[in-house]
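Student: Just the structure for this:
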Amino acid sequence: MQQPLTCKGFTASGVAAGIKKNNDLDLGMLVSDRPAQVAAVFTNNRVQAAPVKLDRQRVKSGVARVVVANAGNANCANGPQGMDAALAMSAEAASVLNVPEDQVLVASTGVIGAPFPSDKVASAMPRLADALCEDGIGDLARAIMTTDTVPKAAGREGQADNANYRIVAVAKGAGMIRPDMATMLCFICTDAEMAADDLQRALGQAVDASFNRITIDGDTSTNDTVILMANGASGAVVHSQDDKKTFQRLLDDLLMDLARQLVKDGEGVTKVVDLTVQGAHSDEDAYQIADTIAHSPLVKTAFFGEDANWGRIIAAAGRAGVDLDPDRLDLFFDTVQMVKNGTGCGMAAETEATAVIKKPEFSVTLDLHLGTGQATMLTCDFSLDYVKINADYRS
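Tutor: Reported below is the predicted structural model:
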C-alpha cells in the first residue's frame, strides 16, 4: 500500500494477542462511528465456523457497527464452546467500544479444531480498541493474515449527490480458495449511504464476478466471510439508478483487484492465469468448462512446469459435461494459437507458447465456436511449495 487508506467515519486497528506462534499481529478491528447498513456473503461449506453462524443471524437486522477478527485459530468444530467463544469475543468488543453487542460481527481464520484462546482475545481487546485510528486499515489487513505473505487492501472513490465517497477493503486468503462464495475473509467499508437491500444486491453481484471466479487449490474454507458496511459519513447518498450503477462498477473493480491480489499471493503460486472460455452455447456452459480446466491438477502442474501441454486443457474441457465439438476447438496462449479446429498448430507454435507460459502472468483462451456464451476465471499453477506449506501448516 503506497499510502494509508481511509474512509470517513471508520477506524481500524490490529494488535498481537499471542494467538499466532510468531507474535505477529493477529487480532483486528473495523469500527463505524455510527450504525451502518450492512451486507454479507458467507461460505457454502456445510461445515461452518461459529463466527459464520453468529454473523448469519446478526446481519439479518441490516445494521452493524463493528467487525472484530482474529487469525491463527478458525474457531471451527469446537462444539458449544466455539459459539460461547464467538459470543464472548463480540461481547468484549461491545464492552470496550460501548456499542450494542448485536451490532458486533466476528470473524476467525486459522487452524480448524483447535480450542479457541478466549483469554488471549479478552486481554488484548482493550489494546485493540485503544489502537483504533483513521489510517489503521493496514494494521487490520496484516492482523488477518495466515499463510499470506503480504497484506491485501485497496480503495476506490466515487461521487453521488454532488458528494465524494470512498470504498475501502481488506482481504486475506492464500489457500482454501475456490469459487464457492468468497473463500477467504474480506471486510469492506464505504462512507456512502445506501439501503441495506441495495447493498446486499451490489455485494452479491460483485462477489460473483470476482471471488467466485478465482481458484488456487479447489478447496472451500469453513470460515469464508465478506462483510460490507455503509455508514453515510461522506454525505453521499446512493439512490438513483445511475448512482447505483456507478457504485456497482466501483465495487466490482475493487473486489476484482483484491481477488487478483489473493491469487498472486496464493500458496506457492508462481503463475497467474486469466482463463477465458468463449463460443459456448451459454454462459453457464462456458463457466462449467472454465471451472473444470481451472481446477485440473494436470493443467495446473503443467503451468508450474512451464509446459504448454495443450492436450491437458482440451481433455479437461472434454470431461466438463458440456456439449462441444472437438473438431471446432481453437486454443490460444496470449495471442499465440496452439490449436485450430481441434488440431495442434505444430512445433513453431509450441515454441512461441512456451515463451508465453514462462511469464508470471498470461492468458489462456478456448473458443468452442458454438454460440455466444462466455466465462472467465482466474487460476494459477500447483507448485512444490504448495505441498510443503500445507504439509507443515499445523506444525
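
Student: Could you use CA atoms for every contact and neighbour count after this?
Tutor: OK.

Student: per-residue confidence at Asp392?
Tutor: For Asp392, the model assigns a pLDDT of 65.

Student: Send over the helix or strand where Asp257 lies as CSV, restricted to the C-alpha atoms.
Tutor: Here Asp257 sits within helix 241-264, counting by DSSP states H and E. C-alpha atoms of helix 241-264 as CSV (Å, rounded to 0.1, in the frame of the first residue of the first chain):
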residue,chain,number,x,y,z
GLN,A,241,-30.2,4.1,-10.8
ASP,A,242,-27.1,5.9,-12.2
ASP,A,243,-25.6,6.2,-8.7
LYS,A,244,-26.2,2.5,-8.1
LYS,A,245,-24.6,1.6,-11.4
THR,A,246,-21.5,3.7,-10.6
PHE,A,247,-21.3,2.2,-7.1
GLN,A,248,-21.6,-1.3,-8.6
ARG,A,249,-18.8,-0.6,-11.1
LEU,A,250,-16.5,0.6,-8.4
LEU,A,251,-17.3,-2.3,-6.1
ASP,A,252,-16.8,-4.8,-8.9
ASP,A,253,-13.5,-3.3,-9.8
LEU,A,254,-12.3,-3.1,-6.1
LEU,A,255,-13.2,-6.8,-5.4
MET,A,256,-11.6,-8.0,-8.6
ASP,A,257,-8.4,-6.1,-7.6
LEU,A,258,-8.4,-7.9,-4.3
ALA,A,259,-9.3,-11.3,-6.0
ARG,A,260,-6.2,-10.9,-8.2
GLN,A,261,-4.1,-10.0,-5.2
LEU,A,262,-5.3,-13.2,-3.5
VAL,A,263,-4.3,-15.4,-6.4
LYS,A,264,-0.9,-13.7,-6.9
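
Student: Tell me which other helices or strands it touches.
Tutor: strand 152-160, strand 163-172, helix 196-209, strand 373-380 (3 or more Cα pairs under 8 Å, 6 or more residues apart in numbering; DSSP states H and E).

Student: what about 6 Å?
Tutor: With contacts defined as 3 or more Cα pairs under 6 Å, 6 or more residues apart in numbering; DSSP states H and E, helix 241-264 has no helix or strand neighbours.

Student: ok, then the element right after it?
Tutor: Downstream of helix 241-264, the next assigned helix or strand under DSSP H and E is strand 272-280.

Student: outside of that following strand, which residues touch it?
Tutor: 286, 290, 361-380 (Cα atoms under 6 Å, 6 or more residues apart in numbering).

Student: Kind regards, and thank you for your time.
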